[in-house]
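J.: Sequence first, then the predicted structure:
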Amino acid sequence: MVNSPSSKETGLILGAIAIAGGIFAGDLMIPLGVAGGVPYVVLVLLGLWSKGKRFIMVSVIAGSLLNILGYYFSPPGGELWKVIFNRFLALLAIWVTAILCLLYKKSESELGKTNQQLIHSEKLSASGRLAASIAHEFNNPICGIRNALERLIEKVPMEKGYMDSASIAVNECNRIARLIRQLNDFHRPSTGVFEIFDIHEAINEITVLLSKNLKDKDITLEKSYCQPTLMIKAIPDQIKQVILNLIQNAEESYAKGSGKISVSTEQMNSQIKIKVKDSGQGITKSNLEKIFDPFFTTKSDVKGIGLGLSVSYGIVENHGGSITAKSKIDEGTCFTIILPLEGRPENEQTIDINN
């Protein structure tokens, strides 16, 4: 779907049409040549004021057409080869300016994305430090309550109703303890050892665990590896957790079951790219910007608390990699993980929030 131009873009386009029309009218009376191309270059430069690339393309095409038409309809003046050469120089100036403007727009867009990633990373870091302090304050009293309840269940005779209530309370304490562990994992995964292992074998192990559930839902899992084996240096259980989270998310994107999930790998010099793609219901643009935020979830409370993707983000980041997502409603979602083959550079230090 093409976005409608903003009022500023509309004003710029209308202004450009008016100016170009005036230039063309002057060119019909006087053979402007290169001089006629200069104002068209200015029109292209005005495209830097607009957010998108549409205005630049409109300006360069319109300017080029009017410059060419001016050659045919303006009164003759000077030698023919000079007139043609002048027109050629005008067109060259217009297109070179347009290309530079488009390159600038692209770099500006990439810079904006990088800035958003840095902001997001800082937000996650701050949230992780807050989560660590909360976890520290809650963990000990929760464990104390659970231990006391377990002793009561073990030592004190109780009616079945009271025993059931006490058991429920113990289970709730265990649930809170798991949540606290997840809060710690969110910022920095639990301390692990970097090992050299076959990433494809690790993915196969995860998919074996999920195969029955996927088969029951009539979801096909396709794997496409860049080569039979690919050794990387990472923390195996943490990378498996990331892959598991992404495949489970892909599975849940098929609300009514039946579909396809693809997992692919690609080696890029000293890095590996892992893609987990589905063709499910997709994610709205507003939600896509928040999927890595802690506690953000579109699932019911029964299915999740919104830490899976934020934990995955933390794991990948602490491995010196990156994780991104692209999605369209009713077309599906694709998560892309990029990891260094040789592990996180030694000069990159991570903060242990448990201290």
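T.: Ah, there it is.
J.: end to end, how far does stretch 257-273 reach?
T.: Stretch 257-273 has an end-to-end distance of 27 Å (CA to CA, to the nearest Å).
J.: Quick check: buried residues in that stretch?
T.: Neighbour counts using 16 or more other CB atoms under 10 Å place G259, I261, S262, V263, S264, T265, E266, Q271, I272, K273 of stretch 257-273 among the buried residues. (Glycine included, C-beta is placed from N, CA and C.)
J.: Likewise for stretch 241-257?
T.: 241-254.
J.: low-scoring pLDDT stretches of the stretch 201-350 of the chain, where are they?
T.: Residues of the stretch 201-350 of the chain meeting the criterion pLDDT under 70: 294-308, 345-350.
J.: now the strands: where do they sit in it?
T.: 219-224, 231-234, 259-268, 271-278, 322-328, 332-340 (DSSP state E, counting those that start in this stretch).
J.: likewise the stretch 51-200 of the chain?
T.: Ranges of strands in the stretch 51-200 of the chain, per DSSP E, counting those that start in this stretch, are 195-198.
J.: Which residue ranges of it form helices?
T.: Here the stretch 51-200 of the chain has its helices, by DSSP state H, counting those that start in this stretch, at 54-73, 80-155, 160-187, 199-216.
J.: Reformat the ones you listed into a markdown table and put mean neighbour count and distance to V44 next to each item.
T.: Formatted as a markdown table, those follow (neighbours: other CB atoms under 10 Å; distance: least, CB to CB, whole Å):
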| stretch | mean neighbour count | distance to V44 |
| --- | --- | --- |
| helix 54-73 | 19 | 5 |
| helix 80-155 | 14 | 5 |
| helix 160-187 | 16 | 47 |
| helix 199-216 | 15 | 47 |
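J.: so can I have TSV of these showing distance to I291?
T.: Listed next are these as TSV, based on distance: least, CB to CB, whole Å:
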stretch	distance to I291
helix 54-73	29
helix 80-155	11
helix 160-187	14
helix 199-216	20
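J.: K328: which of those is closest?
T.: helix 80-155 (17.8 Å; CB to CB).
J.: if we can go back for a sec, just the ones of the buried residues of stretch 241-257 in helices?
T.: Using DSSP state H, the subset of the buried residues of stretch 241-257 located in helices is Q241, V242, I243, L244, N245, L246, I247, Q248, N249, A250, E251, E252.
J.: ok, of these, which one's closest to A202?
T.: I243 (7.3 Å).
J.: Grab the nearest non-local neighbour of the closest one.
T.: I206 (5.0 Å; CB to CB, 6 or more residues apart in numbering).
J.: L152 now?
T.: Closest to L152 by CB to CB, 6+ apart is A166, at 6.1 Å.
J.: For N249, give its distance to L210.
T.: 12 Å (CB to CB, to the nearest Å).
J.: next one: N269
T.: Between N269 and L210 the distance, using CB to CB, works out to 31 Å.
J.: hmm, back to that, of all the helices of the stretch 51-200 of the chain, which one is nearest S224?
T.: Closest among the helices of the stretch 51-200 of the chain, using CB to CB: helix 199-216, at 10.5 Å.
J.: Next, the angle strand 259-268 makes with that closest one.
T.: Orientation check (axes from the mean of the first three to the mean of the last three CA atoms, to 10 degrees): helix 199-216 against strand 259-268 gives 170 degrees.
J.: can you pull the contacts of A202?
T.: Counting by CB atoms under 8 Å, 6 or more residues apart in numbering, A202 touches P236, I239, K240, I243.
J.: and the third one, what is it in contact with?
T.: With contacts defined as CB under 8 Å, 6+ apart, K240 is in contact with A202, E205, I206.
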